[in-house]
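Enquirer: Give me a model of this one.
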Amino acid sequence: MNIVIIGGGASGMMAGILLGEEGHRVTLVEQNEKLGKKLYITGKGRCNFTNDCSENEFLDAVLTNPRFMYSALGVMNPQDTIALFEKWGLRTKVERGRRAFPASDKSADVLDMLKRKLKDAHVKVLLDTRCARISFDESGVNGVYIEKAARKAEREAGVHRFEEEKFAGAKETFLTAERVIVATGGISYRSTGATGDGYRFAKEAGLKVTETRPSLVPIVCADEYIRDMQGLSLKNVSLIVKSGKKILFDEQGELMFTHFGITGPLVLSASGRIGGLIGKKPLTSYIDLKPAVTEEMLDKRFLSVFAENQNRTLVNALSGIYPSGMIPVIPAAAGISPEKRVHDLTRADREALIAATKRFPLTFTSLRGFEEAVVTQGGVSVKEIDPRTMEAKRVRGLYFTGEVLDLDALTGGYNLQIAWSTAAACAKNMT
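Expert: Next comes the predicted model:
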């Protein structure tokens, strides 16, 4: 078959390789000047390409529509991905949290492997080329209209900052295709060329696209004292988010204060689970700074420290309990003057300090934008897609794989596994 794949990221490259190896005539259309720009920066440039977990654990990490992934995991699960990459010549390793990386710690090695396999599979790659629209007839897909960007020497100064200018004045060319795979990704990390074109293609085909929002992204807080702690990292703390009495999020890990709020692994996970509620309903959010210590144990610790510092001010007596960046903030959060003498502290003061330690308050106002988001939450509705083949149920020959779908997961290699698995299901079951 003549197959066109729109998007040269993880999912598009995987689908291209597998289909090319089956003998199909595959053309991969990528609007950037090179393949895999987002893949290159994942895992801070190390490329955490999957998570070596069980299928049930993987599904637990998928935040949106996990059941849709059953069939795709049956075609390629995390262990299959690791084994395939090893077979393709990539040395791999598994680290803390079962995160899988190339042994070299270089995402470029993963990209080089995929590009080599595309060449071996005789996949035609069109760079600096975008799909303007998909063409249909009464039987389904019949091709795509593509636009080739102007040559670099002909582009105006600064055009690289504006992707739409890159294709200004480009003429459309028609490519015949019996099957079209949309693997355009979402709209996170716009600097990698994410445009949301895949959502447009779906809508033009009459498919539903769910609301999109940034996910795995820092959270903006209204609290002024957070800015006083900018740059401070906390390890082994718990972040708790409630709606009324219902606990929406309660996990332990690492976070960091910024000029706008909080970030870090713990915060990214929270944004994935409760991001859609921020700004839409009242939430109670706080940090337990000492999750391994009970309130009774903490009170004994205060009594011991205060007994040794009777004549000092409160702010000068707290150095053994909190990181230095938090010491000026804790008394304020507890409603106590930092200059109050330790010998004047009351039991009520100690209880306030305990409360500020076990329930350090945060006021969430919004998520940061798509430019800082690891993935997009929302996308092409999975109700429109056959989970076995990734084909649109109502449009013959039109397929969607990877982040363009309404699928997202926690950090740790899970989102890339969604890309590999959906591409493999599409390629192996395409008819």
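Enquirer: Let me see the mean pLDDT of whichever helix or strand Val26 is part of.
Expert: Using DSSP states H and E, Val26 sits in strand 25-29. The average pLDDT for strand 25-29 rounds to 98.
Enquirer: So what touches the helix or strand just after it?
Expert: Next in sequence after strand 25-29, counting helices and strands by DSSP H and E, comes helix 37-41. Here helix 37-41 makes contact (CB atoms under 8 Å, 6 or more residues apart in numbering) with 9-10, 47, 107-108, 110-111, 185, 189, 192-194, 416. No exception for glycine: its C-beta is placed from N, CA and C like everyone else's.
Enquirer: buried sites along helix 37-41?
Expert: For helix 37-41, the neighbour count (16 or more other CB atoms under 10 Å) marks Lys37, Lys38, Leu39, Tyr40 as buried.
Enquirer: Distance from it to the middle of the chain?
Expert: Mean-position distance between helix 37-41 and its chain equals 12 Å (CA atoms, centre = their mean, to the nearest Å).
Enquirer: Neighbouring strands - and their directions - for whichever helix or strand comes after that helix?
Expert: Moving toward the C-terminus from helix 37-41, the next helix or strand (DSSP H and E) is strand 50-51. Strand 50-51 has the following strand partners under DSSP bridges: strand 99-102 (antiparallel).
Enquirer: gap between Lys300 and Val75?
Expert: Separation of Lys300 from Val75 (CB to CB, to the nearest Å): 56 Å.
Enquirer: Kindly report the same for Lys203.
Expert: With the distance defined as CB to CB, Lys203 ends up 28 Å from Val75.
Enquirer: Flag the shaky bits of the stretch 1-150 of the chain, pLDDT-wise.
Expert: For the stretch 1-150 of the chain, not a single residue meets the criterion pLDDT under 70.
Enquirer: At which residues are the strands of it located?
Expert: For the stretch 1-150 of the chain, the strands defined by DSSP state E, counting those that start in this stretch cover 2-6, 25-29, 50-51, 62-64, 92-94, 99-102, 124-126, 129-137, 140-148.
Enquirer: coming back round to it: looking only at neighbour counts, state which of Lys203 and Val75 leads.
Expert: Using other CB atoms under 10 Å as the criterion, Lys203 and Val75 rank with Val75 on top: 19 against 12.
Enquirer: dump the residue contacts of the more buried one.
Expert: So Val75 contacts Ser421, Ala424, Ala425, Lys428, Asn429 (CB under 8 Å, 6+ apart).
Enquirer: Among those, name the ones in helices.
Expert: When these are checked against helices (DSSP state H), the matches are Ser421, Ala424, Ala425, Lys428, Asn429.
Enquirer: Output the residues you listed in TSV; the columns should cover pLDDT, distance to Gly320 and neighbour count.
Expert: Below are those laid out as TSV (pLDDT from 0 to 100; distance: CB to CB, whole Å; neighbours: other CB atoms under 10 Å):
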residue	pLDDT	distance to Gly320	neighbour count
Ser421	98	49	29
Ala424	98	54	26
Ala425	98	56	26
Lys428	97	60	17
Asn429	97	61	15
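Enquirer: Out of those, which is nearest to Leu59?
Expert: Within these, the smallest distance to Leu59 is 11.2 Å, found for Ser421 (CB to CB).
Enquirer: wait, that closest one sits on Tyr70?
Expert: No. Using CB atoms under 8 Å, Ser421 makes no contact with Tyr70, being 10.2 Å away.
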